[in-house]
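Student: below: sequence and its predicted model.
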Amino acid sequence: MDIRQLRTFSCVAELGSLSKASDTLRVAQPALSRQIKLLEHELRAELFTRNGRGMVLTDAGRLLLARTAGIVRQIDQVRDEIQSAGGPPSGRVVLGLVPTVSYVISARLARRTVDKYPGISLCIVESYSGHLTEWLHRGEMDLALIYGPSSDLHLSVQSLGRDPIVAVGPRGSGLSQKKQVDIGWLLKQRLVLPSHSHGLRALIEQAAAKKKIKLDVKLEADSFRVLTSLVEEGLGYTLLPPSSVRQEVTSGRLETAAISKPSPMRELTLASPIDHPGSTAIALVSELLRDELIACHEAGLWDIKLA
């Protein structure tokens, strides 16, 4: 195996298509196909299933990707570091954001990065904390802003603050007329929540267990957009950070109320792989991310309790 073959394999696996990988790598399709076949010959295993929809990883392909994606990224970052030495910072940074955070800062952070460091290519990946943590461990991601607790992640972490959670209901629910609601009352309502694999669901389940309340969850949604739209339709209440529904509340589509103490909070953590030698580009994006978080807090766009 050589790095060119592995880079080709990684790109085809990510895009699921030889033609798309050809456009991205600017290499002719026959040359890419030959590199994949040489790799398969050396490993004595098929890495892709080829069908009308494109290239789908086999079990062997998934294993190879899991073991080599981080290696390829580190080699690419070494190249970027050397090429940008003594000049403007450059390189690719893959940043993971949980949906409620992405909703608030992704566009603002992208603008800040483009304006200050045009040589840096920023790739923002939106997903839930469990997936982002897995990709960090596999070396496929450089940074992620996720919800903790940070001590259990086995990553290099920095606590940035604690995000409050509020009750969220549809227009006409009466939440906006209340200063706060009791967590016991809220947990007895019909709820729209993420599935059990989601960290927010675990937090709510723990609160219910302490109150010895059985949750009434008729609808689940692991998409943040779907979750808020279901609440807008009057199908139940949910619990979210207030910053993530600020626009919907302002436009009158949703109502929120604080939860009486002890109100639930979530630790916001900036995480990166322990064995990942961070590049200059990664360090600069990390700094911009913290700056943007502070700017959002000072502008009243984010209610986070800064660390």
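Tutor: Looks like it came in fine.
Student: so how far is residue 10 from residue 66?
Tutor: Distance of residue 66 to residue 10, given as C-beta to C-beta, to the nearest Å: 11 Å. The C-beta positions use only the backbone N, C-alpha and C, and glycine is treated the same way.
Student: which parts of stretch 263-271 are buried?
Tutor: 264-271 (16 or more other C-beta atoms under 10 Å).
Student: between residue 66 and residue 10, point out the one with more neighbours.
Tutor: Between residue 66 and residue 10, counted using other C-beta atoms under 10 Å, the more crowded position is residue 10 (20 against 14).
Student: I'd guessed that one sits against residue 71; true?
Tutor: No. Assessed by C-beta atoms under 8 Å, residue 10 is found out of contact with residue 71, at 9.5 Å.
Student: next, residue 125: secondary structure please.
Tutor: strand (DSSP: H, G, I helix; E, B strand; the rest coil).
Student: correct me if wrong: it contacts residue 96.
Tutor: Yes. Between residue 125 and residue 96 there is a contact at 4.8 Å, judged by C-beta under 8 Å.
Student: looking at these two, which is more packed in?
Tutor: Of the pair residue 125 and residue 96, residue 96 is the one with more neighbours under other C-beta under 10 Å, namely 26 against 15.
Student: next one: that one from residue 280, what distance?
Tutor: 20 Å.
Student: same check, this time on residue 11
Tutor: For residue 11 relative to residue 280 (C-beta to C-beta), the value is 24 Å.
Student: what's the first-to-last distance across stretch 174-189?
Tutor: In stretch 174-189, first residue to last residue: 13 Å (C-alpha to C-alpha, to the nearest Å).
Student: show me what it is in contact with.
Tutor: 167-169, 204, 207-208, 211, 213, 215-216, 236-237, 239, 249, 255-260, 263-264 (C-beta atoms under 8 Å, 6 or more residues apart in numbering).
Student: list buried residues within those residues.
Tutor: For the contacts of stretch 174-189, buried by 16+ other C-beta under 10 Å: 167-169, 204, 207-208, 215, 236-237, 239, 249, 255-259, 264.
Student: run through the helices of the stretch 51-200 of the chain in chain order.
Tutor: 59-84, 99-116, 129-137, 183-187, 199-211 (DSSP state H, counting those that start in this stretch).
Student: now do the buried residues in the worst-scoring helix or strand of the chain on mean pLDDT.
Tutor: Ranking every helix and strand in the chain by mean pLDDT, DSSP states H and E puts helix 59-84 at the bottom, with a mean of 81. Residues 61, 64-65, 68-70, 72-74, 76-77, 80-81, 84 are the ones in helix 59-84 that count as buried (16+ other C-beta under 10 Å).
Student: just stretch 183-202 next, same as before
Tutor: 183, 186-187, 191-194, 198-201.
Student: ends of that stretch, how far apart?
Tutor: Start-to-end, stretch 183-202 (C-alpha to C-alpha) is 15 Å.
Student: that stretch: how far from the chain's middle?
Tutor: Relative to its chain's centre, stretch 183-202 lies at 21 Å (C-alpha atoms, centre = their mean, to the nearest Å).
Student: can you lay out the buried residues of stretch 183-202 as TSV showing pLDDT?
Tutor: Formatted as TSV, the buried residues of stretch 183-202 follow (pLDDT from 0 to 100):
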residue	pLDDT
183	90
186	91
187	89
191	93
192	93
193	92
194	88
198	79
199	79
200	83
201	85
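Student: looking at those, which is nearest residue 129?
Tutor: residue 199 (5.1 Å; C-beta to C-beta).
Student: next, find the distance separating that closest one from residue 175.
Tutor: 23 Å.
Student: just list the residues touching the residue nearest the centre of the chain, thanks.
Tutor: Residue closest to the average C-alpha location in the chain (C-alpha atoms, centre = their mean): residue 97, at 3.1 Å. Neighbouring residues of residue 97 by C-beta under 8 Å, 6+ apart: 105-106, 124-126, 132, 144-145.
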